[in-house]
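Colleague: What follows is a protein structure lacking sequence information:
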């Protein structure tokens with residue numbers, strides 16, 4: 001497929017939409033990602049979520065004014081106009097409803113993290129994708145950081161465990177770990193792969209540690225901090241010893257690395273991440289929320 005894809009965005013309440021649009025629509029950008037152009041969008045926004053509603057107008061004006069993106073009144077109107085879709089709404093509560101609206105159009109869809117805020121909704125998204133035979137991908141940009149990708153290549157599959165760490169701010173409208181925990185969970189799953197069987201959480205006011213045990217006996221952890229200055233990263237445990245991954249040393253921005261993978265999916269129809277692995281990540285976070293509330297180990 002050589003033609004430039006016409007891309008539509010659903011939800012203009014996150015900085016991701018301006019980052020992606022610039023990378024796609026501005027050939028002069030040093031990290032320009034070719035093959036697609038954002039041409040239409042539905043602003044959306046959640047009235048009870050200040051981090052959503054307070055940003056919609058600014059991002060809408062930027063996309064319309066700087067990049068000539070046409071604004072539509074419904075997600076369906078966007079889906080009718082384009083070849084591929086990026087569901088970017090910051091509020092994970094609306095992802096299933098918005099995906100229901102656009103799935104019947106049969107266009108490939110990238111859903112920004114988190115896929116959903118419950119395993120039930122994540123499974124329903126997967127069922128709709130199967131029903132309409134459309135490729136769907138969801139991911140945190142951290143999954144594709146150059147430092148992590150290079151470390152995994154050098155480990156050559158000899159991973160015995162991993163510890164991911166990062167900020168763990170909590171947002172009342174996005175239950176428990178879904179808001180910032182999705183990033184560290186994505187880091188962990190990028191290293192460990194699917195197959196976690198049980199989760200247990202230890203937490204206090206400042207820190208949370210999520211411990212997952214995989215079906216093959218490997219152990220992976222997520223350590224989240226609510227103290228200032230926490231950065232993202234991971235320690236990989238390999239046969240040659242532990243290796244610290246600093247994702248901030250990348251020469252290419254996270255968003256650009258992610259967008260390269262998204263464009264591959266939108267053009268080929270082949271997601272680089274199995275959708276059911278993403279569904280498992282949502283269940284992992286759901287189980288961690290349950291463990292945090294009860295103090296008990298939770299089986300996936």
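Modeller: The structure has been received and is ready for your questions. Quantities reported herein were computed from a predicted structural model and do not represent experimental measurements.
Colleague: how about the helices in the chain?
Modeller: Remark: helices assigned in the chain by DSSP state H are 15-25, 50-67, 75-81, 95-102, 119-131, 146-155, 181-192, 254-268, 275-294.
Colleague: So for the longest one, mean pLDDT?
Modeller: Across helix 275-294, the average pLDDT comes to 98.
Colleague: ok, and for that helix, which residues are buried?
Modeller: If you call a residue buried by 16 or more other Cβ atoms under 10 Å, then helix 275-294 has these buried ones: 275, 277-292. C-betas here are computed from N, CA, C, even on glycine.
Colleague: Same question for the first one.
Modeller: Neighbour counts using 16+ other Cβ under 10 Å place 16-25 of helix 15-25 among the buried residues.
Colleague: Could you pull up the mean pLDDT of it?
Modeller: 97.
Colleague: elements contacting that helix?
Modeller: strand 5-10, strand 36-42, helix 50-67, helix 254-268 (3 or more Cβ pairs under 8 Å, 6 or more residues apart in numbering; DSSP states H and E).
Colleague: Go through those and pick out the most buried.
Modeller: When you average the neighbours per residue for each of those (mean count of other Cβ atoms under 10 Å), strand 5-10 leads with a mean of 25.
Colleague: which neighbours does it have in its sheet, and in what orientation?
Modeller: Strand 5-10 has its sheet partners listed here by DSSP bridges as strand 36-42 (parallel), strand 84-87 (parallel).
Colleague: Excluding chain neighbours, what is closest to the residue in the chain sticking out farthest from the centre?
Modeller: Computed with Cα atoms, centre = their mean, the residue of the chain farthest from its C-alpha average is residue 240, at 30.4 Å. For residue 240, ignoring the flanking residues on the chain, the nearest one in space by Cβ to Cβ, 6 or more residues apart in numbering is residue 158 at 7.4 Å.
Colleague: List the contacts of that neighbour.
Modeller: 238-240 (Cβ atoms under 8 Å, 6 or more residues apart in numbering).
Colleague: Let me see the domain layout of this structure.
Modeller: The chain breaks down into these domains under automatic domain parsing: 5-140+253-272, 141-251+282-299.
Colleague: buried sites along stretch 75-93?
Modeller: Using 16+ other Cβ under 10 Å as the test for burial, stretch 75-93 gives 75-76, 78-79, 82-93.
Colleague: From the residues you listed, pick the one nearest residue 298.
Modeller: Nearest to residue 298 among the buried residues of stretch 75-93: residue 92, at 20.1 Å, using Cβ to Cβ.
Colleague: what sits against that closest one?
Modeller: Contacts for residue 92 (Cβ under 8 Å, 6+ apart) come out as 114-117, 174, 178.
Colleague: next one: residue 152
Modeller: By Cβ under 8 Å, 6+ apart, the neighbours of residue 152 are 159, 190-191, 236.
Colleague: now residue 136
Modeller: Contact partners of residue 136, counting by Cβ under 8 Å, 6+ apart, are 108-111, 125-126, 129, 271, 275.
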